[in-house]
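In: Kindly return the folded structure for what I paste below:
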Amino acid sequence: MRIHLIAIGGSAMHNIALALYYNHHTVSGSDDEIYNPARDRLAAKGLLPDKIGWDPDRITNELDLVILGMHARPDNPELQKATELNIPVFSYPAYVYEQAKQQKRVVIAGSHGKTTTTSMVMHVLKYLKRNFDYLVGAQLDGFETMARFSDAPVTIIEGDEYLSSPIDRRPKFLHYLPDLAVITGIAWDHINVFPDFEDYKNQFLLLAQSMPASGKLFYYKNDPHLPQLLADSSIKCEVIPYAGFKFSVENNQTLLINEDGKKIRLKIFGAHNLENLRAAYHLCSELGITSNDFFKAIQSFQGAAKRLDFLCETATAVAYKDFAHAPSKVKATTEAMKAQYPSRKLIACVELHTFSSLNKKFLPHYKDALAAADRAFVFYSEHTLKMKKLPAIQPTDIQKAFNHPNLTVVQNDYAILDNALRRFGWKEQNLLLMTSGNFGGWEIKKAVKDFLSKN
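Out: Numbers count the residues shown, from 1 in each chain. Below is the predicted model of the structure:
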């Protein structure tokens, strides 16, 4: 088929383009901005658009279909041309469903932990040489792309609750109609789309309602909202609660304790990851994976890209960078880092970069999110506020919201943060950086290696 992707540079979109290329479709695309790693990965396969921007002349009757990414706007000229020519237009989740509708569909949803849980399931299946398709929101070791389409019997899908496309305002996960699903937890996010928490919660109820009576939905039982939400009589599928695995931390190493009391060494850490691991365990069990095989496979799992990424280590200090940005993620990651190294002090730095995190009305949700840190920094850029068309926020707003006694707010210039961190003596003291951005252009890995190695 001849397939054109509008907004091909997106994280999921460029991976879908690569998956289609590997399936021998003729693939073209367009975007008004394409950054790495998408740019280089598309260029390597000859899929990088010959010019940046939108051009309706790319849309002709020779196309079989168009896949529309969220980055485009409803008045996109290529979209308008496709509509005029009656070319089928799919959002990418709608297209994923078309590819997967004959397969057993496994969907992992939740405000936090869904990428990691999806990655855990994929790691186990690959380790055990199972045949499966997938769509996941992060790059994983051993997987060339973040998407795969084939005639495999099962597909593993990260179920994002954000909008499907500029002309399809439904959450992506409502397209998938899963046979098996997990909801890891609910914490209000995407306030630009879901203006109140009730509306946000309702999207997860709709997901549960979309499942057949033969389906199974696992949910984290200690979430403050899920037990009541999923008790709704309109849900036809079986609803099953779970809790995290028991674990211990010995010599800065996390050991999972299974039902037989056996300790299993892991390369990941944090109570939240032991919760994610239990969810992955249930899904794998439903897919025919034995406990022994699961625990054997999971010992080599190192995490998804950008999730607690190891930066560097000395004899007395270690540094990690995490994709955490929402309050629940910041809190879970900070607590995990402190629990893994209980004898060391922790310096935690978070960048406010998303629409929600930079909204003054949303800031109070960060209360005590950094409580586990001994020292804390919050970085934000007034330029990012302007780009997102948000009103100004003041350092005092952030200080009040986070409620941390040793918090410093840094505006605009990452060099201020860099200099502050260089003044610390990095002995028996760890560093955690959390952001969905890059702290305003800071070369993080290089800088952190430099100042940690000098102590």
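In: From now on I want contacts and neighbour counts done on CA atoms only, so please keep to that.
Out: Noted.
In: Checking my notes, residue 383 in a strand, right?
Out: No. Under DSSP: H, G, I helix; E, B strand; the rest coil, residue 383 sits outside any strand and is assigned helix.
In: ok, now which ones touch it?
Out: residue 412 (C-alpha atoms under 8 Å, 6 or more residues apart in numbering).
In: could you redo the last one with a cut-off of 7 Å?
Out: By C-alpha atoms under 7 Å, 6 or more residues apart in numbering, residue 383 lies in contact with nothing.
In: same deal with residue 300?
Out: residue 267.
In: pLDDT score for it?
Out: On the pLDDT scale, residue 300 is placed at 94.
In: roughly how far apart are it and residue 164?
Out: 34 Å (C-alpha to C-alpha, to the nearest Å).
In: Show me where the stretch 1-150 of the chain has its strands.
Out: 2-6, 26-30, 65-68, 89-91, 104-109, 133-135, 147-148 (DSSP state E, counting those that start in this stretch).
In: Turn the ones you listed into TSV, columns for mean neighbour count and mean pLDDT.
Out: As requested, the strands of the stretch 1-150 of the chain are exported to TSV (neighbours: other C-alpha atoms under 10 Å; pLDDT from 0 to 100):
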stretch	mean neighbour count	mean pLDDT
strand 2-6	22	98
strand 26-30	21	98
strand 65-68	25	98
strand 89-91	21	98
strand 104-109	25	98
strand 133-135	24	97
strand 147-148	25	96
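In: so which of those strands gets nearest residue 410?
Out: Nearest of these to residue 410, taken as C-alpha to C-alpha: strand 104-109 at 33.4 Å.
In: Quick check: can you name the pairing partners of that closest one and their directions?
Out: If you go by DSSP bridges, strand 104-109 pairs up with strand 154-159 (parallel), strand 180-183 (parallel).
In: What residue spans form the domains of the chain?
Out: 2-87, 95-298, 309-453 (automatic domain parsing).
In: List the contacts of residue 317.
Out: Neighbours of residue 317 in contact, by C-alpha under 7 Å, 6+ apart: 426-430.
In: what's the closest of those to residue 236?
Out: For these, the nearest to residue 236 is residue 430 (47.4 Å; C-alpha to C-alpha).
In: Direction included, what does the helix or strand harbouring the closest one pair up with?
Out: Using DSSP states H and E, residue 430 falls within strand 429-434. Sheet pairing for strand 429-434, assigned by DSSP bridges, gives strand 318-322 (parallel), strand 345-352 (parallel).
In: Which of those strands has the highest mean neighbour count?
Out: Mean neighbour count (mean count of other C-alpha atoms under 10 Å) peaks for strand 345-352 among the strands paired with strand 429-434, with a mean of 24.
In: Would you pull up how far it lies from the middle of the chain?
Out: 19 Å (C-alpha atoms, centre = their mean, to the nearest Å).
In: Please put the alpha-carbon coordinates of that strand into CSV.
Out: Taking Å, rounded to 0.1, in the frame of the first residue of the first chain, the C-alpha atoms of strand 345-352 are listed here in CSV:
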residue,chain,number,x,y,z
LYS,A,345,21.5,12.2,50.9
LEU,A,346,19.5,12.8,47.8
ILE,A,347,19.5,16.0,45.7
ALA,A,348,16.5,15.9,43.4
CYS,A,349,15.9,18.3,40.5
VAL,A,350,12.7,18.6,38.4
GLU,A,351,11.9,20.6,35.4
LEU,A,352,8.4,22.0,34.9
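In: Which parts of this protein are helices?
Out: 11-22, 38-44, 77-84, 92-100, 114-127, 197-209, 226-229, 271-286, 291-298, 327-340, 382-387, 395-402, 414-422, 444-453 (DSSP state H).
In: got those as JSON lines, with distance to residue 370 columns?
Out: Output for these, formatted as JSON lines (distance: least, C-alpha to C-alpha, whole Å):
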{"stretch": "helix 11-22", "distance to residue 370": "29"}
{"stretch": "helix 38-44", "distance to residue 370": "33"}
{"stretch": "helix 77-84", "distance to residue 370": "44"}
{"stretch": "helix 92-100", "distance to residue 370": "35"}
{"stretch": "helix 114-127", "distance to residue 370": "21"}
{"stretch": "helix 197-209", "distance to residue 370": "22"}
{"stretch": "helix 226-229", "distance to residue 370": "24"}
{"stretch": "helix 271-286", "distance to residue 370": "15"}
{"stretch": "helix 291-298", "distance to residue 370": "29"}
{"stretch": "helix 327-340", "distance to residue 370": "6"}
{"stretch": "helix 382-387", "distance to residue 370": "22"}
{"stretch": "helix 395-402", "distance to residue 370": "7"}
{"stretch": "helix 414-422", "distance to residue 370": "17"}
{"stretch": "helix 444-453", "distance to residue 370": "20"}
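In: out of these, which comes closest to residue 242?
Out: The nearest among those, by C-alpha to C-alpha, is helix 271-286 at 7.2 Å.
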